[in-house]
Structures are given as C-alpha cells and as structure tokens.
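In: need a structure here:
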Amino acid sequence: MVDGFGSEVERRRFALGLVGDGVGIGEAARRVGRSRRWLSKWKQRSESGEGIEDRSRTPHVSPATTPEEVVGLVLAYRDRLENDPVASIGGLSILAAMERDGIDPVPSLRTIERVLTRAGRTRPHPKRIRSSVPVLPLPKVGSIPGVWQQADWVQDRYLQGGIVFNSLQVCDVGSQGITAGQYQRRTVLNAVTFLIETAWSTLSIPHAISIDNAFVKTTHRNNPWTLWARACLFFGVEVIVSPPGELGWTNTAEAANNLWQDRTIGRHHFGSIDELTHYSNLACDWFNTQRPILDPTTCGTRYPAELINQHRHQLRWPPPTTITDHLDHKGRLHIPLTQGRITYLRRVEDETILIARTRWSTPNLTDGTLVTASITTGDATLTIQHQGQPLTTHPYPIKHPIKEPYYTPTPNSLLPHAGTMSWRS
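Out: Numbers count the residues shown, from 1 in each chain. Predicted coordinates for the structure are as follows:
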C-alpha cells in the first residue's frame, strides 16, 4: 500500500480518471500527492498509446528493478519530510531519516534518487553562479567543533504588517552547527546575550570567531572594545574582523543565513517575532540534529549536534549564569577588558591600513595587499603581518586596566598568515 494506493500505476490511473472527469491537472495532481509535471507526463503517455506502466531504464541483459515496497517506502519518507515545515527533502535526507528509524536494509542513495526521479518528485536545482571572489587564505579546521565560529546578521527583513526584524546567526565551522536569534533591533546587548546564553551554550565557546566590522565599530578613536569584543576576549576567544565590504571571509555564516531564510521566511509568513522565533528554533534544531551535512566516514556521524556531543568533554562552555546577573540598575552590561587578541584583515591603501578610525603605516606595500593586524591587549601592541611575516609593531593605546580572562586564549592567532598556529583535523 502506497499512501492509500495499491501501486504507483494505480495512483496514475486514479489521477488520470480525475482529469477525465473534468478536474484540472494541477488539482488532480495535488489530490494524489504528486506534481503537475508528473501528471502531465503520464497524461501524454496515455494519450500517445504508450500506457502508464514504468519504462525499463536498464539493459535487458541485466535488468534491475526497484521493488514496489521500496518505492513506496521512499515516497512515504519523501512525503513525511515534505510535510515538515523546515526539513530538507532530498535523497540524502531520506536516507538519513531511514537510518535514524532503524530501517534495514536502507536503500542506496542512487536507488532513492532514482525512485524520486521516476515518480516526478524531484525539484530542479537552482543554477549557481560561479563566484568571482578569489581563493581566500582561510584556516583549515577539519571536522573539529569549538575551534572557529562565524557570526553574521540577516538585516532589516519584514514580517506581516511591516514589522521589521533582524536575525543573528552564529555557526561553528568544524561541526557545521547553526544557531539563530531574532530581534527587532540590532543592539550589541542583544547580540552578546544571544552569544553567551544561546550560541555558546549550544555550540561551545570557540578559540576564534569571525565577524564583520559592525561588531567592533565604535565612534571613539582607537577603541574597538565593544561589548561584543569584550565578551569574546573575556572567554578567551580571538576576534577576527573581515576586510570592509568583502564577502567570503564568513562564508559559513553567509551560507547559514541563506539556508535559514529558505526554511523560515522563504516558506512561511509570520505575524510576530515570537512566531518567527518558534519556527527558527525548529529549523535550527533540524539543522543540528537531522540535517546530514557531515561525512560519517571521517567523523563518525552525519549530524552537527552528535559531533559536538562526542567532543563535549574537550570543549569550553559558559558558566551557569545569565547576562541579567551582570546588568546594573539601568540595564547596562559591564564586561572588563581582559588579556587576549583581536585580529583585523585589512587591504593596504596609500601604504596604510585603517583600524578603529586610526591609520597605521604599512611601508613599501602596494594598494590592495592583504595584511593582518593583531592587537594584543596584554602588552598593548599592534603587530602588522604580511604573508605570515611581521612588518612592524606599534604600541597601542589602551586606557583600561587589563584583567585575566575566564578561559586562557591560545598563544597564536587562528589565521595561519597571522601567527604559527593552524588547526587541522
């Protein structure tokens, strides 16, 4: 039995009967759980005299047909995933769902995809435009959680009634885990609260986090010490700041933004931020626990949450407190400046780079050259490097007392061309 039909042939016959009774093709296809394209194909074959039986797609010398019970099982799982408001519905997701349910034996991925194609249950893949962004000197972390994370905002989207909202995504590069939080305003307090109480409680505290310049932008000269930067340094996290206006430096977070939008605001209309947050939490839970994004042959699992749990005892986690424990009577959060490092990626312009509204000299480098500039709070210095080689070190004005962090930061920058440490699996 396949969704109430004895076989796929019976389903086709029933759908064609509806069309013969005057029901539109689109409506008839919907009633039998198939696409308009699927029904149009079988209508054309029926009218041409070919019949509605499956054509053989294999050589006669070695025919290999998929048993009807396997076809029915694959399509039933496809229907179940399609009814999930946030799930993926491709062949690999079907295979993974069967594995989780203990189906034995599980059909091969090629068999599943063949069944979907023959049943007209595939969707066209969007054409991807090849990026013109050059290969970036990004670190390699392998399938290791808690090493490198990226943060990015989905900015100024609108709910029903014109309600504006922003969504902050924090992603772990090694595990591919995703977290997201929605707010009406992009405030640093909202971002820090989400970082500590949600993102790091789910993904663990990383050794480094990549962001764009909005997270460290202040109106004060020589002062990149926003609450976000202070919170990261306090927990021993290196802050890595992308070059202004350039894409690709937080590509994991950018991809997560696109995925999150596709599964939430791209599929549904929401009347409030609370309603959106509910679906967002469903999506992130699916991304982390049921999206088969990892290679089990290299890390033992398909799922980010399982990989993080495997490494749980080796990872760093926030203390059992909340942001509200550290707010003053006016709701202001105070985080001391601690020992640590904030690393900027910058392009040379007129033999200088711009950091926190101040220009620093980079002699003998042509415009557009990529350099890194690391501010080390412990010794109040800024060191500029090019291709891993130090160019110059400047004293950096830090007026605040420097305290010990909660977690000790790593001695070298995550970026291979900024220091000597490179995290690889």
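
In: going forward, measure contacts between C-alpha atoms and count neighbours the same way
Out: Noted.

In: leaving out chain neighbours, which residue sits closest to T226?
Out: V216 (5.6 Å; C-alpha to C-alpha, 6 or more residues apart in numbering).

In: so the one you found makes contact with C232?
Out: No: with contact defined as C-alpha atoms under 8 Å, V216 does not reach C232; the gap is 11.2 Å.

In: more neighbours: which of the two?
Out: C232 (28 against 20; other C-alpha atoms under 10 Å).

In: next SSE downstream of the helix or strand that contains that one?
Out: C232 belongs to helix 227-234 when elements are defined using DSSP states H and E. Sequence-wise, the next helix or strand downstream of helix 227-234 (DSSP H and E) is strand 238-241.

In: for the protein, what spans make up the helices?
Out: Assigned by DSSP state H, the chain shows helices spanning 8-20, 25-31, 36-47, 68-83, 91-100, 109-118, 188-194, 200-203, 227-234, 251-263, 273-289, 296-299, 304-310.

In: tell me the most buried of those helices?
Out: helix 227-234 (a mean of 24; mean count of other C-alpha atoms under 10 Å).

In: what's in contact with that helix?
Out: 188-189, 191-192, 215-216, 238-239, 333-342, 404-407, 409 (C-alpha atoms under 8 Å, 6 or more residues apart in numbering).

In: now do stretch 148-156
Out: Under the contact criterion C-alpha under 8 Å, 6+ apart, stretch 148-156 has outside partners 141, 164-174, 206-212, 250, 252-254, 257.

In: again, but for stretch 138-145
Out: Contacts for stretch 138-145 (C-alpha under 8 Å, 6+ apart): 147-148, 172-175, 203-204, 206, 249, 299, 307-308, 311, 315, 414-416, 422-425.

In: how about stretch 345-359?
Out: By C-alpha under 8 Å, 6+ apart, the list of residues contacting stretch 345-359 reads 217-218, 220-224, 240-244, 344, 360-373.

In: could you do stretch 85-95 as well?
Out: 74, 77-78, 81-82, 106-109, 112-113, 116, 122, 263-264, 267, 279, 282-283, 286, 290-292.

In: per-residue confidence at S88?
Out: You'll see S88 listed with a pLDDT of 90.

In: same check, this time on P134
Out: In this prediction, P134 has a pLDDT value of 53.

In: same deal with H60?
Out: For H60, pLDDT reads 48.

In: with S425 instead?
Out: The predicted local confidence for S425 is 36.

In: wait, doesn't H269 sit right on G161?
Out: No: contact criterion C-alpha under 8 Å: H269 and G161 do not qualify, at 10.6 Å.

In: quick one: end-to-end length of stretch 19-33, please.
Out: Taking C-alpha to C-alpha, to the nearest Å, stretch 19-33 runs 15 Å from one end to the other.

In: quick one: the strands in the stretch 51-200 of the chain, in order.
Out: Under the criterion DSSP state E, counting those that start in this stretch, the stretch 51-200 of the chain contains strands at 148-158, 164-172, 178-183.

In: okay, those strands in CSV with mean pLDDT next?
Out: Below are the strands of the stretch 51-200 of the chain laid out as CSV (pLDDT from 0 to 100):
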stretch, mean pLDDT
strand 148-158, 92
strand 164-172, 95
strand 178-183, 96
